[in-house]
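# could you work out the structure for the sequence below:
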Amino acid sequence: MSTFQQVVLIGRLGREPSRRVSPTGDVVCSLSLATDEAQGVTEWHTVIARDAVAELAYHQLKVGMLVRVVGRLRTRELEKRGVRWTRTSIIASRVEPWTKENGAAGGSPQLPMVLATAPLPPTAASSK
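So this is what the prediction gives:
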């Protein structure tokens with residue numbers, strides 16, 4: 001039996017998206033997403049988008065926008081100057097403004113619903 005991992009977050013962008021091109025030529029966009037938990041605790045998430053998802057997120061998303069991110073978790077162990085730590089990021093397969101039309105409460109300006117969707121990885125059933 002295969003396993004599946006998917007994360008869905010709805011939150012506000014804490015800063016403008018940043019864009020870079022990797023040494024292999026891939027476009028990468030980093031987002032800082034804030035979600036609220038009970039008792040007013042804010043959790044900050046690092047979101048990484050690539051290629052078409054990255055380009056559209058970089059050009060269409062702005063700080064403060066309510067955004068829905070669908071993706072998977074990636075946890076890495078890092079070390080700098082002898083200090084080790086882990087960092088968990090969300091690798092986005094889909095990023096979209098979260099508006100009244102697609103589920104958000106309250107009103108917000110009409111924006112394109114889907115910015116981009118990355119292709120899904122092949123499943124065991126589709127490879128037979």
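
# now stretch 36-50: buried residues?
Residues 45, 47, 48, 49, 50 are the ones in stretch 36-50 that count as buried (16 or more other CB atoms under 10 Å). No exception for glycine: its C-beta is placed from N, CA and C like everyone else's.

# SS state for residue 57?
In three-state terms, and counting by DSSP: H, G, I helix; E, B strand; the rest coil, residue 57 is helix.

# who's in contact with residue 28?
19, 20, 21, 22, 48, 49, 50, 54 (CB atoms under 8 Å, 6 or more residues apart in numbering).

# which of those residues has the weakest pLDDT?
Lowest pLDDT within the contacts of residue 28 is found at residue 22 (92).

# helices along this protein, start to end?
Assigned by DSSP state H, the chain shows helices spanning 51-60.

# can you list the low-confidence ranges for it?
100, 102-128 (pLDDT under 70).

# ok, which stretches of it are strands?
7-13, 18-21, 27-36, 42-50, 66-80, 83-97, 116-117 (DSSP state E).

# okay if I get the buried residues of stretch 36-50 as JSON lines plus distance to residue 88?
Below are the buried residues of stretch 36-50 laid out as JSON lines (distance: CB to CB, whole Å):
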{"residue": "45", "distance to residue 88": "8"}
{"residue": "47", "distance to residue 88": "11"}
{"residue": "48", "distance to residue 88": "11"}
{"residue": "49", "distance to residue 88": "16"}
{"residue": "50", "distance to residue 88": "17"}
